[in-house]
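Student: would you be able to build a 3D model of this:
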Amino acid sequence: MSPKSLQVGHYNANTFRKKFVEVFASSPKYDPKALNDVLVLIDMIGRDPCIIDRRWAAYMLATVMWETTSLETHYVQAKDKKGHPLFNKFGRPIMLKRKAWVYKMAPVDEVENGRGRRYHEPVKVMLLDGGGARITEPDGDQFSISKSGLIRRLTKHATMGSRDGGPHHKPSIRLRDRNMRISGAGTCN
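Tutor: Next comes the predicted model:
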């Protein structure tokens, strides 16, 4: 780790706010409401004693920006060539539907959005000695994940992810498997 990238403690919220607006305000995806959410996130990153490298924080922020950018629908009043508002024959304004991608920087609802994808089905997670975990998918494929993040197949021909709505196999439950629990897709508790 480079000494230049070392960051211990809180980030300066005022400086961050100023730079965030300076860099992103000109983007059509910019939403001023996202600023408060990103400041909460940067405060949480600053309070976490395990995040000591600015590059880690930058990667987290970039991931949050990418993952929470969503399509928003809004309505604008139609205008003529001279910029005057248009009205229908009843005197009501003519509204046009517009969609735009917007930075949210806040938690998004992903419940039921994975339907039809390989990560939709819940998995069983069993914590292992040494900090790792064993994952059992609905189709019976099993993997172990070490504390360092190394993934190893435990069943022959195992492939990550199971077909949504595909066949479910009931793996044999041994006595030591009692601490296994069903987790939502993509989560390991």
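Student: is the residue nearest the centre of the chain within a helix or a strand, and which one?
Tutor: Central residue of the chain (C-alpha atoms, centre = their mean): E67, 4.6 Å from the mean position. Counting by DSSP states H and E, the element that carries E67 is helix 54-68.
Student: quick check: next helix or strand after that helix?
Tutor: strand 70-77.
Student: run through the neighbouring helices and strands of that following strand.
Tutor: Packing partners of strand 70-77 (3 or more C-beta pairs under 8 Å, 6 or more residues apart in numbering; DSSP states H and E): strand 95-102. Every C-beta, even on glycine, is put in place using the N, C-alpha and C of the backbone.
Student: mind listing what's buried in whichever helix or strand comes after the strand it packs on?
Tutor: With elements assigned by DSSP H and E, the helix or strand that comes after strand 95-102 is strand 123-127. By 16 or more other C-beta atoms under 10 Å, the buried positions in strand 123-127 come out as 123-126.
Student: hmm, back to that, and the residue nearest to the centre of the chain, how far is that from I51?
Tutor: Distance, E67 to I51, using C-beta to C-beta, to the nearest Å: 18 Å.
Student: for D141, which non-adjacent residue is closest in space?
Tutor: Distances taken as C-beta to C-beta, 6 or more residues apart in numbering place A158 nearest to D141, at 3.8 Å, with adjacent residues excluded.
Student: ok, that neighbour - contacts?
Tutor: A158 is in contact with 141-143, counting by C-beta atoms under 8 Å, 6 or more residues apart in numbering.
Student: look at it and give its secondary structure.
Tutor: What DSSP: H, G, I helix; E, B strand; the rest coil gives for A158 is coil.
Student: which strand or helix spans the residue of the chain positioned farthest from its centre?
Tutor: In the chain, the residue that sits farthest from the middle, by C-alpha atoms, centre = their mean, is K89; the gap is 46.1 Å. Using DSSP H and E, K89 sits within no helix or strand.
Student: check it and give its pLDDT.
Tutor: Note on K89: pLDDT of 94.
Student: ditto for the one 5 residues further on
Tutor: The predicted local distance difference test score for I94 is 94.
Student: that one: what's it in contact with?
Tutor: Per C-beta under 8 Å, 6+ apart, neighbours of I94: 77-78, 86-88.
Student: quick check on it: phi, psi?
Tutor: The phi/psi pair for I94 (degrees, to the nearest 10) reads phi -90, psi 120.
Student: that one and L61, how far apart?
Tutor: Distance of I94 to L61, given as C-beta to C-beta: 40 Å.
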